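Participant: Need a 3D model of the sequence below.
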Amino acid sequence: MVTTADLILVVAKAVLTGFIVAAPLGPIAAICIRRALAGRWGTGVATGIGGASGDVVLVAFTIFGLGLVQDFLVTYELYVRLFGGVFLIGFGVHMVIARTPAAPAESAGRVDRPPAPVMLRDMARGYATGVFLTVINPAPLIAFIGVFAGVGLFQAVPLGIGSPSAILASAVVMAGVFAGAALWWMTLVIGSSAARGYMSNRLINRIDHALGLLVVALGLYTLGHAVWRLSVG
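Facilitator: Sure, this is the predicted structure:
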């Protein structure tokens, strides 16, 4: 029987797990920062929420199909990494060559109002990008398994579909992970958007290009690691 105290502890651990797994600087973080600095804070938030939604998908796989996920990673991990590496390289190149909108002159040096929200279609694309980049990357899935084990989440309450209490606990875990990851992405985007008002357009462009190069570098690393594994395997 899962008590209220157990659920509160599970929520705390799940939120912490979502925040920890989302926090490392990766392609989604680079994209969120770039879009916030470009004044497209709505798309940046949507991209982060997409990443948090992708985390929920991975957590569901972890809870309900751990053995299936492990078999999938063993069989197809290299091919997923090859595809993900190529995608990241192409996306990073697009970030480098794309022009960054200039900040309005009257907003330079202060943050008195946020940029106008972008079109809904742009936000939908950002959301889809966040989900896609999360679910094609095996690293967050492995991280969730490790962090869950580290915080004792598997031992705290029964998870899975074995009983109504297990299903409830699983839903609470997924909601907590989403909340923790979304908290990180909101913090990152709001902070970047606020910092934009204190930066010159030239500095924003330099940071923008650096973030694009970071995504390219991550893609090259992912692709190179997969090619090396194929060559030695």
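
Participant: Spell out for me which residue occupies the centre of this structure.
Facilitator: Centroid-nearest residue in the chain, with CA atoms, centre = their mean: Gly51, separated by 3.7 Å.

Participant: which stretch of helix or strand covers that residue?
Facilitator: helix 41-64 (DSSP states H and E).

Participant: Next SSE downstream of the lowest-mean-pLDDT helix or strand in the chain?
Facilitator: Of all helical and strand segments in the chain, the minimum by mean pLDDT, DSSP states H and E falls on helix 153-156, at a mean of 65. Of the helices and strands lying after helix 153-156 in sequence (DSSP H and E), the nearest is helix 164-196.

Participant: So which other helices or strands are in contact with that next one?
Facilitator: helix 4-22, helix 27-37, helix 41-64 (3 or more CB pairs under 8 Å, 6 or more residues apart in numbering; DSSP states H and E). Backbone N, C-alpha and C define where each C-beta goes, glycine included.

Participant: Let's have the ones you listed in TSV, adding distance to Phe83.
Facilitator: Formatted as TSV, the helices and strands packed on helix 164-196 follow (distance: least, CB to CB, whole Å):
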stretch	distance to Phe83
helix 4-22	21
helix 27-37	14
helix 41-64	15
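
Participant: so which of the ones you listed is the most packed in?
Facilitator: For those, average neighbour numbers computed from mean count of other CB atoms under 10 Å are highest in helix 27-37, which has a mean of 26.

Participant: Just the C-alphas of that one, formatted as CSV.
Facilitator: Extracted C-alpha coordinates of helix 27-37, given in CSV (Å, rounded to 0.1, in the frame of the first residue of the first chain):
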residue,chain,number,x,y,z
PRO,A,27,21.9,20.3,-28.1
ILE,A,28,18.5,21.2,-26.6
ALA,A,29,20.0,23.6,-24.1
ALA,A,30,22.0,25.3,-26.9
ILE,A,31,18.9,25.6,-29.1
CYS,A,32,16.9,27.1,-26.1
ILE,A,33,19.6,29.6,-25.3
ARG,A,34,19.9,30.6,-29.0
ARG,A,35,16.2,31.1,-29.4
ALA,A,36,15.9,33.1,-26.2
LEU,A,37,18.8,35.4,-27.2
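
Participant: average pLDDT across it?
Facilitator: In this model, helix 27-37 carries a mean pLDDT of 86.

Participant: One more: stretch 41-51?
Facilitator: Stretch 41-51 comes out at a mean pLDDT of 91.

Participant: same question, stretch 84-100
Facilitator: 73.

Participant: what do you get for stretch 161-181?
Facilitator: 86.

Participant: do you know how far Ala36 is from Leu211?
Facilitator: 11 Å (CB to CB, to the nearest Å).

Participant: Check Thr3 too.
Facilitator: 46 Å.

Participant: more neighbours, those two?
Facilitator: Leu211 (23 against 10; other CB atoms under 10 Å).
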